[in-house]
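Enquirer: A predicted structure for the sequence below; I have some questions about it.
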Amino acid sequence: MTDLLDKAVTTARSLCPDMQDEIARMVLAFAGEDLVPYRPTAEEAAELDLSMAAAARGDFATDEEMAAMWAQHGL
């Protein structure tokens, strides 16, 4: 193991479990290993539920709203 990778692993140990899992998924992907299935956090799952409900209602941003959002971010 290189010194840089060893430092990264040491640093990652101090992170929360969700971040450690995210880093592990990225390392495995770069190494060509099968990815561990992603498991959203409770907050992410709740946000996804809200988004899916909005989509089911047909509640989408208008073209004008999207243009304003892109302009706000300089894109």
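Expert: Okay, I see it. Numbering: from 1, shown residues only.

Enquirer: how close does the residue nearest the centre of the chain get to Ala67?
Expert: Residue closest to the average C-alpha location in the chain (CA atoms, centre = their mean): Glu22, at 8.2 Å. Going from Glu22 to Ala67 by CB to CB, to the nearest Å gives 32 Å. (C-beta placed from N, C-alpha, C; glycine too.)

Enquirer: same thing with Thr11?
Expert: According to CB to CB, Thr11 and Ala67 sit 41 Å apart.

Enquirer: can you check Asp3 too?
Expert: From Asp3 to Ala67 the distance is 48 Å (CB to CB).

Enquirer: who's more crowded, these two?
Expert: A direct count of neighbours by other CB atoms under 10 Å for Asp3 and Ala67 places Ala67 higher, at 11 against 7.

Enquirer: OK, contacts around the more buried one?
Expert: Residues in contact with Ala67 (CB atoms under 8 Å, 6 or more residues apart in numbering): none are found.

Enquirer: quick one: what helix or strand has it in it?
Expert: Using DSSP states H and E, Ala67 sits in helix 63-72.

Enquirer: Pull out the buried residues from that helix.
Expert: When burial is assessed from 16 or more other CB atoms under 10 Å, helix 63-72 yields no buried residues.
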